[in-house]
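Visitor: Sharing a sequence plus its predicted fold:
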Amino acid sequence: MNFITIDKKDWAPGIDQSRQTFRVYGPVEDENGCQIKPLAPDTPPKMDAAVTVMSAKSVLFPQTEKILTATLDESKQDHHVMKPVETDDMPRVVLGIRPYDAKAMHLVKLNFDNPDYKDPYWCAAYDATTFVGLGVTRPGPCDFSTAAGCGPFSEEGLDVLMADMDDTYLAKILTEKGEKWAAACGFDTVADPKESQVLFDVLRKEAEKQIQADVNTDKLAGKTILDLYDAPFWDEVAFSCINCGTCTYVCPTCWCFDIQDETRHNTAVRFRNWDTCMSPLFTHHASGHNPRGTKVQRVRQRFMHKLKYFLDKYDQGIMCVGCGRCVASCPVNIDIREVCNRMNDYETTK
Amino acid sequence: MENPYLPYPVRIDDIEVATEDKSLKTFTFVFVNPADEEKFAYKAGQFAELSIPGVGEIPIGIASSPVEKGFVKFTVFRTGVVTSHLHNMKKGDLMGIRGPLGNWYPWDKLENKNVVIIGGGFAFTTLRSSIVYMLDPANRKKFKNIDVVYGARSPGMLLYREELFDWEKRDDINMHITVDGTDDPNWKYHTGFVPQIVEQNAPQADEDTYAIVCGPPIMIKFTQPALTKLGYQPHQIIMSLENRMKCGIGMCGRCNIGKELVCKDGPVFTLEEINQTPKEY
């Protein structure tokens, strides 16, 4: 099975049928705008939403997550011995994820699942999750995904890619996980693969044409870290930044986290929380010394990490999928597209 | 799947006040489950996260040596939330250790070489681990001359004093102990700052000589020119860095210097490597 057609009349009943096997996530409108959240029964995903305010990363990497716990009650034999918390590894599906958010999962995977260490929480969530994407037919004004090695119909990181055909979804099944999801929903109307691929290609080209971003990354790899780090434009880039960290929270590829302990009565819990390189505390030593104590150092860190350090470390392109959320959300209009071009065009005079 | 965040349970077996101002204490831990000691097999230069349930974790260099069995030792400066809590704990208390973490001094590369160890203040912990390792009868013949320059503010601020004075009496290691100043008329070692003692006493560089430097930033800053004067090339100067850390396994993102993560790609780097990265440490 390669392509299937899903009649929109069957969509909601199919999703409900899949709930026996899957916990269902999807875009829903709430007081904070459109978000990817667990879908309550009878709540259909808002598939026609434009970009969600936050990315889908929290499905695998919650903003706050308990990781370990211990009892401090000394009458218990295992007191002060930390243990992993029980995690819910029930299969889950994210409906309507956009291709750039799915590709971001692959980039984040390089951090959480590497030859030296595996983050058991992220990896278990990743293994349990099926990503059912929806191609972007009307890219937003900040979308520059085509310039970031992704695109409105990119398949990377997805298990199913769907295209909205008005009365139906045309779905391309990309993985075994995707097959299992379609089966659980009872979606089995096979579509002609050749014709379907042609339709996909037409939609993809139409969508790509609408993305106007002129962002170039081709010369980043050829520059040295120190040349870019010492480039003269960082003060100007950082000038208006208020270090609010919004760019890092909305970013689908920002993975930095903090670890904190809390105690309530006799129970100690160790959490991990999203952190942000925009915060001075992020790198503040206990001695008071801070290697990134000034705003410009922190702003530079964020762009250098995404557009140079990551590129050099993994050789998998930049750590950005071009979703444009940071551009749209920045309260002072700092634009990663401009910064990327400045870095790409920078020639040292040395 | 192994959980790299899960500490091994340990019991505090001994606590020793390490300096006259009581700001440093040396903690000896034994593993609650003896099998964990083997899993914690480490090399001199590595660090671990000391983990107190409900309080937090701190990355600390391992001060005991791989050749010392049955326990692990850490010397801890009281400065933040976790270290202050630790300083108030007592023998027999239970907590955790997570590691070993990071890389180590390049012991393979240092074989058949002269090794100069330069340390200052309380950054002498992994250097102590290294010296004990090199002086072990099974290992001493693997190295040529060993010189140690170690300095602190005053005699009472030197770590591991008894061991230092024992090493001083041996003929297979050249100790150059120094203090910034002292009013003790019986002080029989050097007086002066580490960089100056290095310049006056460390051996001239040749192809077969490597320096390991660990100390406060100000000492490192002024020791580099002294070593350069003695002919040491950047690839012959080995340093151990520290940065704020949380995970210790290269995932949480805060300890980087350029693309290198101090916790995982380091903490040990050569000056040649450090010269290629932003100086964000």
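Guide: Ah, there it is. What you are looking at is a predicted structure, and each value in this text was computed from that prediction instead of being measured.
Visitor: Show me the domain layout of chain B.
Guide: B:8-101, B:107-240 (automatic domain parsing).
Visitor: Quote the end-to-end distance of the shortest one.
Guide: For domain B:8-101, the separation between the terminal residues is 13 Å (CA to CA, to the nearest Å).
Visitor: what about it, near chain A?
Guide: Yes - using CB under 8 Å from any CB of the partner chain, we find that domain B:8-101 touches chain A at B:9, B:32, B:51-58, B:79-80, B:83, B:93-96. For the C-beta atoms, the positions are set from N, CA and C on the backbone; glycine is no exception.
Visitor: Tell me the buried residues within these.
Guide: B:9, B:51-58, B:83, B:94-96 (16 or more other CB atoms under 10 Å in any protein chain shown).
Visitor: Between all of those residues, which two are at the greatest distance?
Guide: B:P9 and B:T83 (19.8 Å; CB to CB).
Visitor: what about the strands in the stretch 101-250 of chain B?
Guide: Applying DSSP state E, counting those that start in this stretch to the stretch 101-250 of chain B gives strands spanning B:114-120, B:146-152, B:174-179, B:190-191, B:209-214, B:237-240.
Visitor: Can you add mean pLDDT and mean neighbour count and give those strands back as a markdown table?
Guide: Listed next are those as a markdown table, based on pLDDT from 0 to 100; neighbours: other CB atoms under 10 Å in any protein chain shown:
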| stretch | mean pLDDT | mean neighbour count |
| --- | --- | --- |
| strand B:114-120 | 95 | 25 |
| strand B:146-152 | 95 | 25 |
| strand B:174-179 | 95 | 21 |
| strand B:190-191 | 94 | 16 |
| strand B:209-214 | 95 | 24 |
| strand B:237-240 | 95 | 25 |
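Visitor: And the ones you listed: which comes nearest A:D315?
Guide: Across those, A:D315 has its closest neighbour in strand B:237-240 (27.2 Å, CB to CB).
Visitor: Walk me through which strands the closest one pairs with, and which way each runs.
Guide: strand B:209-214 (parallel), strand B:268-270 (antiparallel) (DSSP bridges).
Visitor: remind me, longest strand of chain B?
Guide: Longest strand of chain B, by residue count under DSSP state E: strand B:8-17.
Visitor: which is the next helix or strand following the one helix or strand in chain A whose mean pLDDT sits lowest?
Guide: Scoring the helices and strands of chain A by mean pLDDT, DSSP states H and E places strand A:33-38 at the bottom, with a mean of 90. Next along the chain after strand A:33-38, taking DSSP states H and E as the criterion, comes strand A:64-71.
Visitor: just to confirm, which helix or strand has A:L107 in it?
Guide: Counting by DSSP H and E, A:L107 is found in helix A:99-112.
Visitor: Looking at that helix now, give me its mean pLDDT.
Guide: Helix A:99-112 carries an average pLDDT of 96.
Visitor: How about that helix, which residues are buried there?
Guide: A:99-109, A:111-112.
Visitor: again with stretch B:76-91
Guide: For stretch B:76-91, by 16+ other CB under 10 Å, it's B:76-78, B:82-83, B:85-87, B:89.
Visitor: what number of residues lie near the nearest residue to A:H285 once chain neighbours are set aside?
Guide: Closest residue in space to A:H285, ignoring its immediate chain neighbours: B:R244 at 5.4 Å, by CB to CB, 6 or more residues apart in numbering or on different chains. By other CB atoms under 10 Å in any protein chain shown, the residues close to B:R244 number 22.
Visitor: Ramachandran coordinates for B:R244?
Guide: Main-chain dihedrals, B:R244, degrees, to the nearest 10: phi -60, psi 130.
Visitor: Would you agree it is in contact with B:N256?
Guide: No - counting by CB atoms under 8 Å, B:R244 stays clear of B:N256, with 10.8 Å between them.
Visitor: Got the phi and psi for A:V51?
Guide: phi -50, psi 140.
Visitor: Return the residues in contact with the residue nearest the centre of chain A.
Guide: Centroid check for chain A by CA atoms, centre = their mean gives A:P252 as the closest residue, at 2.7 Å. By CB atoms under 8 Å, 6 or more residues apart in numbering or on different chains, the contact list for A:P252 reads A:55-57, A:100-101, A:104-105, A:108, A:321, A:323, A:325.
Visitor: So which helix or strand of chain B has the lowest pLDDT on average?
Guide: Counting by mean pLDDT, DSSP H and E, the weakest-scoring helix or strand in chain B turns out to be helix B:217-229, with a mean of 90.
Visitor: Report the buried residues of it.
Guide: B:219-220, B:222-224, B:226-227.
Visitor: and if you look at stretch B:131-151?
Guide: So, applying 16+ other CB under 10 Å, buried residues of stretch B:131-151: B:131-135, B:139, B:143, B:146-151.
Visitor: picking that back up, return the subset of the residues of domain B:8-101 next to chain A lying in strands.
Guide: Checking the residues of domain B:8-101 next to chain A against DSSP E, those in strands are B:9, B:51-52, B:56-58, B:94-96.
Visitor: ok, so of these, who is nearest B:Y160?
Guide: Nearest to B:Y160 among these, counting by CB to CB, is B:I58 at 20.4 Å.
Visitor: Disregarding residues adjacent in the polypeptide, which is nearest to that closest one?
Guide: B:V82 (4.5 Å).
Visitor: Check the one you found and give its pLDDT.
Guide: The per-residue pLDDT reported for B:V82 equals 97.
Visitor: can you check the one 10 residues further on too?
Guide: According to the model's per-residue confidence, B:G92 sits at a pLDDT of 96.
Visitor: Now that it has come up, it's in contact with B:I12, right?
Guide: Yes - the pair B:G92 / B:I12 is scored as a contact, 6.4 Å apart, by CB under 8 Å.
Visitor: List the contacts of the residue lying farthest from the centre of chain A.
Guide: Centroid-distance maximum for chain A: A:S75 at 44.2 Å, with CA atoms, centre = their mean. Not one residue lies near A:S75 by CB under 8 Å, 6+ apart.
Visitor: wait, what's in contact with residue 217?
Guide: Using chain A. Taking CB under 8 Å, 6+ apart, we find A:T217 in contact with A:147-149, A:307, A:317-318, A:340, A:344.
Visitor: could you do chain B instead?
Guide: A:H289.
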